[in-house]
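Trainee: Sequence and predicted model, in that order:
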Amino acid sequence: MSKYDPYENMLAVLENAAKKAGLEHDEYSFLEYPERELTVHIPVTCDDGHVKIFEGYRVQHSSRRGPCKGGIRFHENTDKQEVKALAAWMSLKCAVANIPYGGGKGGICVDPSKLSEGELERLTRGYARAIAPIIGPEKDIPAPDVNTNGKIMNWMMEEYSVVCGSAEPIYAVVTGKPVDKGGSLGRTDATGRGIMLVACEMMKKHGMKPESTTIAVQGMGNVGSISARLLYEKGCKIVAVSNSKGGIYNPMGLNIPAVIKHLEQNGKRFDGYTENGLVNISNEELLCVDADILVPAALENSITADNAKNVKAKIILEGANGPTTAEADAVLEANGVEVVPDILANSGGVIVSYFEWVQNMKKERWSEQTVNEKLAQTIIPAFDAVYAAAEEYGVSLRVGAYITAIKRIIGK
């Protein structure tokens, strides 16, 4: 079996959407190639004194609509093809959200759990120095992604400011920073809040009431846990959650605050958590539990042609980037499953990253209520635009989202 290539997956959907919209290849061909791909090698002096070289990437897919924007992931399995795909999805995501950004993405091939705090900081600062020539508040603004966080963004911001010889921190070079380091209130919850808002819009479209809607969430990291908590607070019944260490299912509905507290106190493990009616399941089994809505919020390539036929949910909200392969999409569509694509469903994060950047550039501080209101005012019209495009062209929501994005990028 050939290895899954996320960039080829992106290209397949891009070409299909462009054809459905009646576009000529010359109009969108530039979107098939990133504007710039940078590979860097970062020497890090480890705590035992030896030097280890790490490979990293920064890919800028498109700056047609504004500075490139996109996260940085630290993962042992990342490679340039994955980063290229993620950068392209960011271009499309920013266009769907209708914010003035293009798309970029970064990554380092590393398992951060095997590094000490000092080694992680030296690696981060080395990476920031290596990519400094191509990033900046007006050029490319990184953010957190898998295995990166506000602390890592703060190290990057500090190092970039040193490289530029600035006496003051250049806050706007990255987003997702701690609030006391120029970060925005509401940023931590933004992606999960966006998923909740889109889920509510989907429920309205289908006449579903939250209290009678069952939901399964794969991936209880930042995005998944916040999505689960906010949907639980809306009255939805969260029947299953999972992560790389396992999962739990309760057809009567889980006590999500208690589950989140247990995971926080037990190294993200479900071991020892009990509820009446609880059944232990695997991370993979969660995808096929009996639920109205499925939220895959782990890594890409989770739903494949092999397991898509067993998905029982009729609505999928993609919390992760690229969790569904093109082959799986075809199976799901044939089975009547509506997929709200990542470039819409999880765009809350980049929307609030944009708000953070605006606050940094203007030297302003917005309240969390203002941020949350502005997020809703941005993501709900994005949902409406995608839904309208899907209906106009008679296509899936994914293809509708791509059509919306491509037309905005090419100025049509």
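Mentor: Sure thing, it's come through.

Trainee: Which residue is most remote from the mean position of the protein?
Mentor: Distance from the C-alpha centroid of the chain peaks at Gly49, with 36.1 Å (Cα atoms, centre = their mean).

Trainee: ok, now how distant is that residue from Glu55?
Mentor: Distance, Gly49 to Glu55, using Cβ to Cβ, to the nearest Å: 22 Å. Placement of C-beta: from N, CA and C, glycine included.

Trainee: Kindly report the same for Glu27.
Mentor: 35 Å.

Trainee: next one: Glu8
Mentor: 22 Å.

Trainee: Counting neighbours, go ahead and name the busier of these two.
Mentor: Glu55 (15 against 12; other Cβ atoms under 10 Å).

Trainee: okay, the nearest residue to the more buried one once chain neighbours are set aside: pLDDT?
Mentor: Excluding the flanking residues, the one nearest Glu55 by Cβ to Cβ, 6 or more residues apart in numbering is Cys109, at 5.0 Å. Looking at Cys109, its pLDDT is 98.

Trainee: buried stuff in stretch 176-185?
Mentor: Within stretch 176-185, the residues that count as buried by 16 or more other Cβ atoms under 10 Å are 176-177, 182-185.

Trainee: and if you look at stretch 8-16?
Mentor: Buried residues in stretch 8-16, counted by 16+ other Cβ under 10 Å: 9-11, 13-16.

Trainee: what is the rounded mean pLDDT of that stretch?
Mentor: In the prediction, stretch 8-16 has an average pLDDT of 91.

Trainee: Out of the buried residues of stretch 176-185, the closest to Ser353 would be?
Mentor: Gly176 (6.4 Å; Cβ to Cβ).

Trainee: pretty sure that closest one is in contact with Gly182, am I right?
Mentor: No: using Cβ atoms under 8 Å, Gly176 is not in contact with Gly182, being 10.4 Å away.

Trainee: what sits in contact with each of those two?
Mentor: Applying Cβ atoms under 8 Å, 6 or more residues apart in numbering, one finds that Gly176 and Gly182 are jointly contacted by Glu356.

Trainee: Can you list the low-confidence ranges for the stretch 151-300 of the chain?
Mentor: For the stretch 151-300 of the chain, no stretch has pLDDT under 70.

Trainee: could you pull out the helices for it?
Mentor: Assigned by DSSP state H, counting those that start in this stretch, the helices in the stretch 151-300 of the chain fall at 190-205, 222-233, 256-265.

Trainee: If you count neighbours, what's buried in the first one?
Mentor: For helix 190-205, the neighbour count (16+ other Cβ under 10 Å) marks 190-203 as buried.
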